[in-house]
Structures are given as C-alpha cells and as structure tokens.
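Participant: Dropping the sequence and predicted coords here.
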Amino acid sequence: MKLVGFIIVCLTGGLLLYGTGELPAWGDPNSPASTHLSDDYITLALEQTEAPNLVTAVLADYRGFDTMFETAVVFCAGLACFLLLRDFRPKKDHYYRHVPTGVMLHVKNEARTVRTGREFEDMDREWVPSDTIIKTVCRILIPFIQIYALYVVAHGDFSPGGGFQGGVIFGSSLILLAISYNLKTLVKRVTEKFLGVFSSLGVLVYVGIGAIAMALGGNFLDYGKYAPIFGEHHIRALGMLGVEIGVGMAVTAVMVIIYINIVSEGRHDEGL
Amino acid sequence: MNIIDIIVAFLLVSGFIFFLGGAIGIIRMPDFYSRLHPAGKLDTLGIGAMVAGLAVYNLHHFSLTALLVSGKMLLIVFFVFMSSPTATHSIVDAGMRAGLRPWTRKEGANMEQSEPRKEEN
C-alpha cells in the first residue's frame, strides 16, 4: 500500500513538473495572465476604486465575492474545530497556588472550588506559568500589538495589510495572553459565547455590506451605491474598509477558537 | 563625509560585529543554554545598532516624514529590545523545567539528563 502511494505521488509530481515546462516565462508580458485583465487592473484600479493598494482593490472590490467566501471558509474552520473538539465534561481535579507562600493546592472534590483572587490563583496540572518577567513584558506588549493590528486593518486599502493580516495579529495577541498567564485567564476575559458571536458577526458584516448595496439598488457588494449615505468621496475605499473590518473580526475570533480548542483538547480549562 | 555618515558607519559596523560574534557563538558554544546567550545578544545589540544606524541614515534629507519613519524604526528596536530577552529567558526556563542540565567541563556531563526539577512550591 505504501509502495502504491509512493508511485502515485511520484507520477503526480512528475506530471506537475512536466506541466511546468509549458508555463510562460517569469514576467512574460505576452503570457495569457498579463494580456487580458492585469493591464486593466493596473491602469484603471486607482481611478475606479480610489484605493492606492491594488492588491486590496482586486481582493476586496473586483473579487469581493471570492473574498467573502474565503471569510466563510475561515469561519467554517473555526466551526469545525469547535464541533470536532469541544468537550463539555468538566474536569474533577483543580489545582491552585497560594500566592504569598507558593503552596500548591490540589482540590479533588468537584463541588468545593476555591475562589481565586489575590490569595489563590488558578494553576494548570503540568505547566506552571508563574514567571513575573514574562507576565510583565507581555502585559506591556499586548496593547501595542493590538493597536498595531487595528492599524493594519485600517490601512488595508492604503498600504500592505488588511483584514486577514490584522485579524491574525490581533488573535495572536490574545494567544500571547494565554501563553504568558494561562488559558483560564484568556477564557475568563474572552468568553466562548463572545467568540462565537464575534466570528459569525464578522461574516455577517461582510455579507451585510453586500446585501445592503443590493437593497440600495446596485449589485451585490457594489460599494458605489453607498454614495447617497456616505458621500461620493472615496466611497469604494470606504466600502473595502468596512469589508476588511468584517474579515478582521472573523479571523480574530476563529484564531482564538482554534487555539483554545486545540491546546485544551476541547475542555477550555488548561493547556499550553 | 559629514558627521552623520560617520555615525551611521559606526553604528552599522558595530552592529555587524555583534551579528558576526553572535553567529559564531551560536555555532561554537557547547550547549543549549550557552548558545542562547549569543543568540540573545544578537537580537538585542546587533539589531539595535543596525536599525539605529539605518534610522540615522534615513535622516539625511531631514523632513517630518523622515523623522516619522525613523521614529517607527526606533520603535521596532524598542520592542525587539523588550521581547527578545524575554523570549530567551522563557526558553531557558523551559529548558530548566524539562530537566536539561547545563554543560560543565566534566566528560559526558552534558549527555545525561537529570530528573525534572521539582517546583519550589
């Protein structure tokens, strides 16, 4: 069976390599890819969309429909992770640390939970993150990372960036919180319900912008139809920004959902 | 050859020396912990000097935009200065928790793994 797989892989790889021989040369101006649409995008995009970043103009405007379903794919990834991994059975054992003395407490009886706060803090069974240096530095860094993420989202139509990148940066800042403190800290601040609502809200923002454009008498995702409400100036770039915000929300929430479900094996109590 | 060029050259060359030393150190040092030492130096002082040199170079044609770009570069240095030693620290911490014993001069001392360190608490 292994041999058959190996042969199939070799054949497919050989076929692909054979196919690359027919590809046009790198940057060939006469290749089919650069004779039909690319010229139009390069010459007309700034004029038509008023977004200086051509990549965003193509992704969020000319091919906005495609990007909408990319967002839906990201959402489905988070949903699949939740459905496959989530485990609602509570764990019986709890571990706490008495902060002043550093004594570890193992509570076996499920009913008696220790109230955490200034005196006791939650602890994981295996990994014991209590490092003041890491906590302090992460506490300083996380707000800056989040501001940078918002900057990336907001500048999607002017400079490199956009919803996917900004969302990933924002999500990773939340993951950093979970790594430097522990998973319970993150789950306490960013609840599961919030994540679920936020991720689907992101997709809804995208689809809603498209649908409202339709209600205003244009095509789906035709941002130009918002001109009566927001004014003529940079209206398509503004529409792209709205869409990017939706993408950023969905990606942020899905990143965190996937992380929490994988590291805690679906129990949302402890993990990396 | 004005004063700015001299400053830029000095910063770039000193950054280069730190990078070279760090790269040699990562290869030549005997074990995990001591290798992290040059790696941390490389990320803080090497990048710090290099990017500071570039930030000064950027101010050749002085304008508000150039100043803003240089300020962003120095912000990068600031964040690397803060995050890189922390990362090194946490890697060393993880190594100690996993029970990797630091290298000593004795023969074969670095080969055997000690018991995982017991928590103080």
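Facilitator: It's in.

Participant: contacts and neighbour counts: CA atoms only from here.
Facilitator: Fine.

Participant: so what's the spatially most central residue of chain B closest to, chain neighbours aside?
Facilitator: Centroid check for chain B by Cα atoms, centre = their mean gives B:Asp43 as the closest residue, at 2.3 Å. When the adjacent residues along the chain are set aside, B:Asp43 lies closest to B:Ser84, with 6.4 Å between them (Cα to Cα, 6 or more residues apart in numbering or on different chains).

Participant: And the one you found, how far from A:Phe194?
Facilitator: Distance of B:Ser84 to A:Phe194, computed by Cα to Cα, to the nearest Å: 32 Å.

Participant: Can you classify the closest residue to A:Ala237 other than its chain neighbours by secondary structure?
Facilitator: When the adjacent residues along the chain are set aside, A:Ala237 lies closest to A:Ala51, with 5.3 Å between them (Cα to Cα, 6+ apart). The local conformation at A:Ala51, judged by DSSP: H, G, I helix; E, B strand; the rest coil, is coil.

Participant: And A:Ala51, its phi and psi?
Facilitator: According to degrees, to the nearest 10, the main-chain angles of A:Ala51 amount to phi -110, psi 120.

Participant: My read is that it contacts A:Ser159, right?
Facilitator: No: proximity of A:Ala51 to A:Ser159 does not meet the contact threshold set by Cα atoms under 8 Å, at 9.5 Å.

Participant: one step back: isn't the residue nearest to B:Asp43 up against B:Ala39?
Facilitator: No: in terms of Cα under 8 Å, B:Ser84 does not count as a neighbour of B:Ala39; the distance is 9.3 Å.

Participant: So the two - more neighbours on which side?
Facilitator: Between B:Ser84 and B:Ala39, counted using other Cα atoms under 10 Å in any protein chain shown, the more crowded position is B:Ala39 (21 against 17).

Participant: Quick check: B:Ile24 vs chain A, distance?
Facilitator: Distance from B:Ile24 to chain A, counting by Cα to the nearest Cα, to the nearest Å: 28 Å.

Participant: again but with B:Gly25, I slipped
Facilitator: Applying Cα to the nearest Cα, the value for B:Gly25 to chain A is 25 Å.

Participant: Now for that residue: which residues touch it?
Facilitator: Shown here is B:Gly25, whose contacts under the criterion Cα atoms under 8 Å, 6 or more residues apart in numbering or on different chains are B:Arg35, B:Pro38, B:Ala39.

Participant: so is the residue nearest to B:Asp43 in a helix, a strand, or just coil?
Facilitator: The three-state label given to B:Ser84 by three-state DSSP is helix.

Participant: how many neighbours does residue 15 have?
Facilitator: Answering for chain A, as no chain was given. One way to gauge burial is a neighbour count; for A:Leu15, by other Cα under 10 Å, it gives 11.

Participant: um, chain B though
Facilitator: The burial count assigned to B:Gly15 is 23, neighbours taken as other Cα under 10 Å.

Participant: Tell me the residues of the stretch 1-150 of chain A that contact chain B?
Facilitator: By the criterion of Cα under 8 Å from any Cα of the partner chain, the positions of the stretch 1-150 of chain A lying close to chain B are A:Thr101, A:Gly102, A:Val103, A:Met104, A:Ile133, A:Ile134, A:Val137, A:Leu141.

Participant: Next, check these against the helices and list the overlap.
Facilitator: Helix and strand membership here follows DSSP state H; of those, those in helices are A:Ile133, A:Ile134, A:Val137, A:Leu141.

Participant: Drop anything exposed from those.
Facilitator: Buried by 16 or more other Cα atoms under 10 Å in any protein chain shown: A:Ile134, A:Val137, A:Leu141, out of these.

Participant: Adding pLDDT, write these out as JSON lines.
Facilitator: Formatted as JSON lines, the entries for those read as follows, by pLDDT from 0 to 100:
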{"residue": "A:Ile134", "pLDDT": "88"}
{"residue": "A:Val137", "pLDDT": "90"}
{"residue": "A:Leu141", "pLDDT": "91"}
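
Participant: Out of those, which is nearest to chain B?
Facilitator: The closest of those to chain B turns out to be A:Ile134 (Cα to the nearest Cα; 6.1 Å).

Participant: The closest one and A:Asn182 touch, don't they?
Facilitator: No: taking contacts as Cα under 8 Å, A:Ile134 lies outside contact range of A:Asn182: 11.8 Å.

Participant: Nearest spatial neighbour of A:Ala227, chain-adjacent residues omitted?
Facilitator: The shortest distance from A:Ala227 to any residue that is not its chain neighbour, by Cα to Cα, 6+ apart, is 6.2 Å, and that residue is A:Ile235.

Participant: where does the nearest residue to A:Leu85 once chain neighbours are set aside land in three-state SS?
Facilitator: Nearest residue to A:Leu85 in three dimensions, chain neighbours excluded: A:Gly266, at 4.8 Å (Cα to Cα, 6+ apart). Reducing the assignment to helix, strand or coil with three-state DSSP, the entry for A:Gly266 is coil.

Participant: A:Tyr95 sits in which helix or strand?
Facilitator: When secondary structure is defined using DSSP states H and E, the element that contains A:Tyr95 is strand A:94-98.

Participant: Direction included, what does that strand pair against?
Facilitator: Paired with strand A:94-98 in the same sheet, following DSSP bridges, are strand A:104-107 (antiparallel), strand A:120-123 (antiparallel).

Participant: is it true that B:Ile4 touches B:Leu54?
Facilitator: No: with contact defined as Cα under 8 Å, B:Ile4 and B:Leu54 do not form a contacting pair (11.0 Å).

Participant: out of these two, which sits in the busier spot?
Facilitator: When neighbours are counted by other Cα under 10 Å, B:Ile4 and B:Leu54 differ, and B:Leu54 comes out ahead with 17 against 14.

Participant: Could you pull up the contacting residues of that one?
Facilitator: Applying Cα under 8 Å, 6+ apart to B:Leu54 gives the contacts B:Val8, B:Leu12.

Participant: quick one: it from A:Ile235, how far?
Facilitator: 38 Å.

Participant: low-confidence ranges in the chain?
Facilitator: You didn't say which chain, so I picked chain A. By pLDDT under 70, the weakly predicted segments of chain A are A:92, A:110-113, A:127-130, A:272.

Participant: um, chain B though
Facilitator: Of all residues in chain B, those with pLDDT under 70 make up the ranges B:1, B:106-121.
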